[in-house]
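Chemist: predicted model and sequence follow; I will ask about them next.
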Amino acid sequence: MLWLKHRGIISVANYVLNPNELDQMVTHLMTTARNDGYAQGDIECTQHVINALKVDWDTSRSATHGVDTVAAHVAAKAEYNTYIFL
């Protein structure tokens, strides 16, 4: 009983509160948020350059060109919220 009290219950509580699946989901959510932030920052920066220099700026080589980072982040948030409230 002493082992269960000092180690067993703590192990169970840590497993319930910190499962590997949750860690992976939080990592995915943070990655999509960072990618979306970079993409939105690139878009904003491009608009400033276009307005300031009165030139067209080619963004076709940007890593986020044509990628819907907003949708990826929204999907990751929905997946996270679904997992948390199950």
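Modeler: Nice, I can see it. Computed from a prediction, not measured in an experiment: that's the story for all the values here.
Chemist: in terms of secondary structure, what does the longest helix seen in the chain contact?
Modeler: For the chain, the helix with the greatest residue count under DSSP state H is helix 20-53. Secondary-structure packing of helix 20-53 (3 or more CB pairs under 8 Å, 6 or more residues apart in numbering; DSSP states H and E): helix 69-84. Bear in mind the C-beta positions are built from the backbone N, C-alpha and C, glycine included.
Chemist: mean confidence for the helix it packs on?
Modeler: Here helix 69-84 scores 91 as its mean pLDDT.
Chemist: residues of that helix that come out buried?
Modeler: 69, 72-73, 76, 80 (16 or more other CB atoms under 10 Å).
Chemist: can you name every helix or strand that that helix contacts?
Modeler: If you count contacts as 3+ CB pairs under 8 Å, 6+ apart, helix 69-84 packs onto helix 20-53.
Chemist: okay, now Thr32: neighbour count?
Modeler: The local packing of Thr32 (other CB atoms under 10 Å) involves 21 other residues.
Chemist: meant to ask about Val55
Modeler: There are 9 residues near Val55, going by other CB under 10 Å.
Chemist: that one in helix, strand or coil?
Modeler: coil (DSSP: H, G, I helix; E, B strand; the rest coil).
Chemist: next up, phi/psi of Ser62, please.
Modeler: Ser62 has phi and psi values of phi -70, psi 140 when expressed as degrees, to the nearest 10.
Chemist: residue contacts, it?
Modeler: Neighbouring residues of Ser62 by CB atoms under 8 Å, 6 or more residues apart in numbering: Asp42.
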